[in-house]
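>>> Provided below are the primary sequence and the corresponding predicted coordinates.
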Amino acid sequence: MEVQSLADRRKVAGARRCRPTGMHIIEFPAMSDGSHGPKTGPFPEELRLETTYENGQIASWFDDNWWLETLQRWKDRPLTIHILPTPEALLHTIVLHELEIVRRLQISWKLIGHCYLSDIAYPQMVTRAAVNQYDEIRVMDEDRTPSESYEVRPAKLTIADMFEQVKTIQASEKVSAPLMTRAPAPRS
């Protein structure tokens, strides 16, 4: 029987160590073709999706086929999916439909939506923001910057008022998600 010395065990432990690697993130810009890339390589921990164009129309690649490919590749992997704050993306009917399918399949992915206060701070939008398929919604406390192709309405509620209304709606609906959080403004 061979007995390992402390020095030998340290050498073995040192040989097993490897440098930490950063998170593997895949971004899908709206103007891309939505390609998932090669099937080999590291698994992503995050997907960041720009689901709408600058005018608020849904990206051409964001459809059932894209989701089927995503499910085939990573359904058994822990994954965080971010719906980035493109115009109309957070509560777009197609986006919510696709997220509902993910929830029905009971996949343990975390779904995070990002938006500006001006995207949801209206009485009719607060209910839709308070009860949906997201785990978390990160709200930037400012109005979206207007562009030539998208008109921005200023927020009708403050972020505190909106959060309070969301709590009230969630309590009456007996749900606790999505968690509404304040997000930092994007860097310019």
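Done, it's in.
>>> Would you mind listing where the protein has pLDDT under the threshold?
By pLDDT under 70, the weakly predicted segments of the chain are 1-3, 18-22, 187-188.
>>> Could you point out the longest strand of it?
When the chain is parsed with DSSP state E, its longest strand is strand 110-116.
>>> Put the alpha carbons of that one into PDB.
The C-alpha coordinates for strand 110-116 follow below in PDB (Å, rounded to 0.1, in the frame of the first residue of the first chain):
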ATOM      1  CA  LYS A 110     -34.400  32.600 -15.500                       C
ATOM      2  CA  LEU A 111     -36.200  35.200 -17.600                       C
ATOM      3  CA  ILE A 112     -35.200  38.900 -17.100                       C
ATOM      4  CA  GLY A 113     -36.800  41.800 -18.900                       C
ATOM      5  CA  HIS A 114     -35.200  45.300 -19.200                       C
ATOM      6  CA  CYS A 115     -37.000  48.500 -19.900                       C
ATOM      7  CA  TYR A 116     -37.200  52.200 -19.400                       C
END
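>>> Quick check: bridge partners of the residue most central in space within the chain?
In the chain, the C-alpha nearest the mean C-alpha coordinate belongs to His82, at 1.6 Å (CA atoms, centre = their mean). Judged by DSSP bridges, the bridge partners of His82 are Arg48, Ile112.
>>> I'd guessed it sits against Thr51; true?
No - applying CB atoms under 8 Å as the test, His82 and Thr51 come out as separate, 10.3 Å apart. Placement of C-beta: from N, CA and C, glycine included.
>>> For the residue nearest to Arg153 when sequence neighbours are not counted, list the residues it contacts.
Among residues not flanking Arg153 along the chain, Ser118 sits closest, at 6.4 Å (CB to CB, 6 or more residues apart in numbering). Neighbouring residues of Ser118 by CB atoms under 8 Å, 6 or more residues apart in numbering: 142-144, 152-155.
>>> Ile120 contacts Asn132, doesn't it?
No - judged on CB under 8 Å, Ile120 makes no contact with Asn132 at a distance of 10.7 Å.
>>> Counting neighbours around each, name which of those two comes out higher.
The neighbour comparison of Ile120 against Asn132 (other CB atoms under 10 Å) goes to Ile120, with 23 against 20.
>>> Can you name the residues that contact the more buried one?
90-91, 126, 128-129, 137, 139, 162.
>>> do Met31 as well
Residues in contact with Met31 (CB under 8 Å, 6+ apart) are 50, 53, 59.
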